[in-house]
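J.: Task: produce atomic coordinates for the following.
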Amino acid sequence: MQGPTNDQVRQAVRESYGRVAEADAAGCGCAPSGCCGSGNSPTPEDIAVGLGYSSDDVSVAPEGANMGLGCGNPQAIASLRPGETVLDLGSGGGFDCFLAAGAVGESGRVIGVDMTPEMIAKARENAAKAGLANVEFRLGEIENLPVADDAVDVIISNCVINLSPEKPNVFREAYRVLRPGGRLAVSDIVATAQLPEEVKRNLALHAGCIAGAPQIDELKSVLEDVGFTNVRIKPIDESKELIREWAPGRNIEDFVVSASIEAAKP
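T.: Below is the predicted model of the structure:
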């Protein structure tokens, strides 16, 4: 059986996360609601702390911004500085954008891009509640960013690029919008073994951050082919415990793991 088309994957992802935003629901790690099988799923706060965020991070973000949809903490590797311009790919409810806004200060700027209208609406509501003037959210696809050339210093993303069926386009766009000397700091899912065909064909597992996970060597090659240097991909073995809950009984943790991904634009 042939796998899903790019358009089918993109539509499944958009619908899945649109439902999460409209229901004001939380996910189970990257996976949106409905991908977790346990009735005792952890709260978004528990997930965030388990992924490396501090309790202060969780408490300073506007209520509803942390939706428990990540698989790591890009803030930990981004080394954000006051005055920088930051772009968040797949910004969801805005959690990482709001944390970045605090790090870059009033002289800095944060742009969140998401392809789900419901998520953009939610993030804008959260920004209004927080009264932050240095954060904005734009509707768009990460394969075709609504951002000018050489416009940002840092790109962050949390468990979103794996959802794209056209990852080389994502990284070409990331390279385009970064200023020379800019950097990429991403938390995402990577494959440590060849995914079974039944997983690759499963649209729910695409939307659940599993079926679209790239092989580590493949991802490194894509980044270098685009022009990025100093590429570092570090798997986080401790993430397997969380990933196991995304698709209970499938042994998904034997095939994928969360990783921190860093690169620079010369």
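J.: Bridged to the residue most central in space within the chain, which residues?
T.: Closest to where the C-alpha atoms of the chain average out (CA atoms, centre = their mean) is residue 158, at 2.6 Å. Judged by DSSP bridges, the bridge partners of residue 158 are residue 187.
J.: Show the contacting residues for it.
T.: Applying CB atoms under 8 Å, 6 or more residues apart in numbering, we find residue 158 in contact with 69-74, 88, 90, 92, 96, 186-188. In short, each C-beta sits where N, CA and C put it, glycine included.
J.: Restricted to helices, list those residues.
T.: residue 96 (DSSP state H).
J.: Same question for stretch 163-174: list its buried residues.
T.: For stretch 163-174, a neighbour-count test (16 or more other CB atoms under 10 Å) marks 163-167, 169-174 as buried.
J.: Mark which of the residues you listed are part of helices, please.
T.: Per DSSP H, those map to helices at 167, 169-174.
J.: Let me know the closest of these to residue 132.
T.: residue 174 (23.8 Å; CB to CB).
J.: So that closest one sits against residue 89, correct?
T.: Yes - counting by CB atoms under 8 Å, residue 89 is a contact partner of residue 174 at 7.3 Å.
J.: Which strand residues bridge the nearest residue to residue 228 once chain neighbours are set aside?
T.: Sequence neighbours aside, residue 263 is the residue nearest to residue 228 in space, at 3.8 Å (criterion: CB to CB, 6 or more residues apart in numbering). Residue 263 has these beta-bridge partners by DSSP bridges: residue 184.
J.: I'd like to know how far residue 263 sits from residue 18.
T.: From residue 263 across to residue 18, the span is 30 Å (CB to CB, to the nearest Å).
J.: Run through the helices of this protein in chain order.
T.: Going by DSSP H, the chain shows helices at 6-23, 44-50, 55-60, 75-78, 95-104, 117-130, 167-177, 197-200, 203-207, 216-226, 240-244.
J.: any idea of the mean pLDDT for the last one?
T.: Right, the one you point to is helix 240-244. Helix 240-244 carries an average pLDDT of 87.
J.: which helices and strands does that helix pack with?
T.: strand 256-264 (3 or more CB pairs under 8 Å, 6 or more residues apart in numbering; DSSP states H and E).
J.: so which of the helices of the chain comes closest to residue 110?
T.: Nearest to residue 110, of these and by CB to CB, is helix 95-104 at 4.8 Å.
J.: What mean pLDDT does the closest one get?
T.: 96.
J.: what's that helix in contact with?
T.: 48, 53, 57, 60-62, 65-67, 70, 74-75, 78, 80-86, 88, 91, 108, 110-112, 123, 126-127, 130, 132, 134-135, 137, 156, 158.
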